[in-house]
Each structure stands twice: as structure tokens, then as C-alpha cells.
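Asker: I would like to see how this sequence folds:
(4 chains)
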Number of protein chains: 2
Amino acid sequence: MNTPSPVRSQILDHAVTLIMLRGYNGFSYRDLSNLVGIKTASIHYYFPSKDDLVLEAVSSYSDEVLSSMNAIGDTLPADAKLSKYTKLFGKTLGDGDQICLCGMLAADIESLPDDIRQAVQAFFKANERWLTKVLIQGVEEGTLAINGKPENAARALFAAYQGSVLASRLFKTKARLEDVETTVKAVR
Amino acid sequence: MNTPSPVRSQILDHAVTLIMLRGYNGFSYRDLSNLVGIKTASIHYYFPSKDDLVLEAVSSYSDEVLSSMNAIGDTLPADAKLSKYTKLFGKTLGDGDQICLCGMLAADIESLPDDIRQAVQAFFKANERWLTKVLIQGVEEGTLAINGKPENAARALFAAYQGSVLASRLFKTKARLEDVETTVKAVR
DNA sequence: GTCTATAAGTCGATAGAC
DNA sequence: GTCTATCGACTTATAGAC
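Answerer: Prediction:
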């Protein structure tokens, strides 16, 4: 287990932030150069091509978000799990100017190679799979209510979260994510 | 009523398509030059700056979509209106490689001037307002079911549509939009 | 209106010195 | 590992001839 280069980590972290801010075509090695404090040529030492960098950014972001998601744990009631998930999505907003990295790259997908598309798809699928299980649990417990199959409801729900962070940033308000959660809450 | 320049219209139409495909930072005057068959310098005659072009692209797209939306008419039952709205959103996908122009620009919003942000906001608001009325009507008629205020449900619903076209393109399938419609259908 | 020519800058990427 | 230097291509935009 060799210690990862701190410079490499800095580049990757700033790349993640920049993608969430401006997207694939909206940031450059020069931006990273200014943020990290090394020349653009040095960045190529760690990440030969921009696509290499972006692919690793997806992995890094995905690992972090999915582990937070899985850290919510199995023991909680479904509605409590969903509340934590909503908060998790709220964190991606940062200072209010960022959206989900994979949502952003989904918008940029026609400019990206296939391996990145697959990595973004994997992130979507993992979220949808997790939400499916929560919805099933919530229906059993009587705290959540859906129409149709849980798989389909989970897809629509995840899409709503993605669209909601987009709208939250557009209107510079944080409130919109809760509207999504309300959608699947059972009336008592 | 002076006839608008056909060349100008061509530029604008291709700009709309390119934005829906690759976003603000993903297309250039050169792309338009190749598509329309005139030099990039000539495009500047019609649209002095790229932001001028994009702002007009939003207006053009918005006018077309909103008029189609309003053409659905007042006399239909709410669930029928919503089905037509879903189909309308399905059309934006085109050959399967495009998303809503305003959803795309919402992703690119941190690269854009304020007047474009306001135009994109206006498109979001118009859709949310229309969906709010449909949801109210559907609840009255007993064909649609929502939680909480219609305004909030409409925001979540529109976000779900936006996220759904994103996911539809990402996974190269058209089926995901119907999952969203199912979300608000009343069980009978 | 459309062109040529050009400006002034950015882009990702590579070679090679240190 | 990080640098300087450089490449070739691309970007938006303007000036001025036709």
C-alpha cells in the first residue's frame, strides 16, 4: 500500500470541483495549474490526457458518494434513509454553485469517450439500485408510497434528484431537493 | 413584417441543435460554419458575439416548446394533457442524442451571463406553472395524485422530466420518460 | 452580406533539460 | 517530478475588400 502523491490528490480534488462547477468542456489544465500551483506540463505527468483525468475524477467522486450512501446503513427505517439521502444530495451543491459530477458529465456525454460513459452509467445504476431497495422497504413499512414497479419509481426519483440540484443552482436556492423527497412520502 | 433572413434562421436552428447535443462550451462558430456553409466571420454579421447567439437560441427554443405546450389546450382531461406533455419531452431527444436546451444550459450556467440565466429561469418557471395547473386539475378529476402543495409537486415533476431525458440519452433508451408520468398517476 | 486576412488568446499535449 | 520551450490546432472576434 504505497502512499498516493499529495500533488496528484490535489489535482484530482480540484478537477472534481471544477467539473461540478463548469463541466468537461468548461475547465482546462490551466485552471488546475493555477489552483494547484504547478505548470500544466507537470499535470500531464500524473494524467497524460484530459480523459484520463476525468475518468479518475468520476471514480474518485463515485467512490466517495457511494460510500456515504452505503454508510447510511441497513438498520434505519426507509423514510429516515431517504432523508439522509436527500441531505447527501444537498451537500453536492457546495456553496450553491455545483451539481452532481455524474449529472454534469451526463450532460456532456456526447463529448466523452465510451469508458467515461460507462463509469457515469455505473454511478446512475448504483443510486437507482439503492433507491429501489429503500422504496421497497418504505412501502412495506407504510412510510413511502409509489406507483408501479419499485425499479421504475426509483429511476424517476433519481432523475428528480438530478434535475432538482440543477434547478436549485439555477435559481440559487436550496429548497428544491425537499420537494423531491415529499413526492414519495406516504400520507398518514 | 419583414421576412427574416433564411441564413440567419439556419444558423439559429443549427445552434439550437448543437447546444442540445454538446452544450455551450461544446460547440463553436466553426461547427456552425461547416453546417451552414458560410465562413465564421459571416456568422458574426448576424450574431456579433456567441452570447448573443445563445440568448436568441434560448428564445427560439423556448417559443417553440412553450407554444407546443400551450397548444395542448384547456379542454382535455388532466391525465391526457400530461401524456401529451411527456411526448413533447420525448421529442426533444431527437435521434436519442439531444436533451432539453434549457436543461443543458442550466448545467452550463456558471459559464453564462446573467441575461441567459434569466431566460433559462423563465423557461423553467413557465413549465412549472403549466404543470401546477395540470396537477390541480388532475387531483380534482381524481386521475392524478400528489403529496403536498401542487407548486412543489410540479417543481419535483419538472425536475424529474429534466433528469429523465438526461438518463434516457446516457443509457440510449427512450423508456425512462414514462416512469416519470407514472409517478403522479392516481391508482384506481 | 460574404469574403480574406489576421489578430490575440487558449487548448491539450510533447520533448528534453534539470 | 517539475520545469521551459514549443508545437499545431482551435477559439472568438475584428478590419477591410468586394
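
Asker: Which helix or strand lies directly C-terminal to the longest helix along chain A?
Answerer: Counting residues, the longest helix found in chain A (DSSP state H) is helix A:114-141. Using DSSP states H and E, the helix or strand that follows helix A:114-141 towards the C-terminus is helix A:150-170.

Asker: Could you check the angle that following helix makes with helix B:150-170?
Answerer: 110 degrees (axes from the mean of the first three to the mean of the last three Cα atoms, to 10 degrees).

Asker: Can you give me the pLDDT of the residue lying closest to residue A:100 once chain neighbours are set aside?
Answerer: Spatial nearest neighbour of residue A:100, chain neighbours left out: residue A:92 (5.1 Å); criterion: Cβ to Cβ, 6 or more residues apart in numbering or on different chains. (Glycine included, C-beta is placed from N, CA and C.) As predicted, residue A:92 sits at a pLDDT of 97.

Asker: mind listing what residue A:92 touches?
Answerer: By Cβ atoms under 8 Å, 6 or more residues apart in numbering or on different chains, the contact list for residue A:92 reads A:20, A:65, A:98, A:99, A:100, A:101, A:165.

Asker: Buried only: go through those for me.
Answerer: The neighbour-count test (16 or more other Cβ atoms under 10 Å in any protein chain shown) marks A:20, A:65, A:98, A:99, A:100, A:101, A:165 as buried among the contacts of residue A:92.

Asker: before we move on, the earlier item: let's see which of the contacts of residue A:92 end up in strands.
Answerer: If you go by DSSP state E, the contacts of residue A:92 have nothing in strands.

Asker: ok, now how distant is residue A:41 from residue A:28?
Answerer: Computed as Cβ to Cβ, to the nearest Å, the residue A:41 to residue A:28 distance reads 13 Å.

Asker: So for these two, which residue has more residues nearby?
Answerer: residue A:28 (13 against 9; other Cβ atoms under 10 Å in any protein chain shown).

Asker: Quick one, grab the pLDDT at the more buried one.
Answerer: 98.

Asker: now swap in residue A:98 and tell me
Answerer: pLDDT, residue A:98: 98.

Asker: Which residue comes closest to it once chain neighbours are left out?
Answerer: Nearest to residue A:98 is residue A:20, by Cβ to Cβ, 6+ apart, at 3.9 Å.

Asker: just checking, the one you found touches residue A:105?
Answerer: No: shown here, residue A:20 and residue A:105 do not form a contact pair, counting by Cβ atoms under 8 Å, at 9.6 Å.

Asker: wait, what's in contact with the residue lying closest to residue A:108 once chain neighbours are set aside?
Answerer: Leaving aside its sequence neighbours, residue A:108 sits nearest to residue A:24 (Cβ to Cβ, 6+ apart; 4.1 Å). By Cβ under 8 Å, 6+ apart, the residues touching residue A:24 are A:54, A:104, A:105, A:108, A:111, A:112.

Asker: what does chain A have sitting close to DNA strand C?
Answerer: By the rule Cβ under 7 Å from any atom of the strand, the part of chain A lying against DNA strand C is A:27, A:28, A:29, A:30, A:31, A:40, A:41, A:44, A:48, A:49, A:50, A:51.

Asker: just the buried members of those?
Answerer: A:27, A:29, A:31.

Asker: hmm, back to that, which residues sit in contact with the residue nearest to residue A:98?
Answerer: Per Cβ under 8 Å, 6+ apart, neighbours of residue A:20: A:92, A:94, A:98, A:99, A:100, A:101, A:104.

Asker: so the third one touches residue A:18, yeah?
Answerer: No: taking contact to mean Cβ under 8 Å, the distance of 9.6 Å between residue A:98 and residue A:18 leaves them out of contact.

Asker: do stretch A:10-26 and DNA strand D meet at all?
Answerer: No: Stretch A:10-26 lies apart from DNA strand D when judged by Cβ under 7 Å from any atom of the strand; the minimum separation is 8.8 Å.

Asker: Can I get that stretch in CSV? Just the C-alpha atoms.
Answerer: Presented in CSV, the C-alpha positions along stretch A:10-26 are these (Å, rounded to 0.1, in the frame of the first residue of the first chain):
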residue,chain,number,x,y,z
GLN,A,10,-4.8,17.9,-5.1
ILE,A,11,-5.1,17.8,-8.9
LEU,A,12,-7.8,15.2,-8.7
ASP,A,13,-9.8,17.1,-6.0
HIS,A,14,-9.7,20.3,-7.9
ALA,A,15,-10.7,18.5,-11.1
VAL,A,16,-13.7,17.1,-9.3
THR,A,17,-14.8,20.6,-8.1
LEU,A,18,-14.2,22.2,-11.5
ILE,A,19,-16.3,19.6,-13.3
MET,A,20,-19.1,20.0,-10.9
LEU,A,21,-18.9,23.8,-11.5
ARG,A,22,-18.4,24.1,-15.3
GLY,A,23,-18.4,20.7,-16.8
TYR,A,24,-15.9,18.8,-19.1
ASN,A,25,-15.6,21.5,-21.7
GLY,A,26,-15.6,24.3,-19.2
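
Asker: Around residue A:160, how many other residues sit close by?
Answerer: 28.

Asker: wait, what's in contact with it?
Answerer: Counting by Cβ under 8 Å, 6+ apart, residue A:160 touches A:180, A:183, B:156, B:157, B:159, B:160, B:163, B:180.

Asker: what do you get for residue A:59?
Answerer: Per Cβ under 8 Å, 6+ apart, neighbours of residue A:59: residue A:119.

Asker: Please apply the same query to residue A:30.
Answerer: residue A:40.
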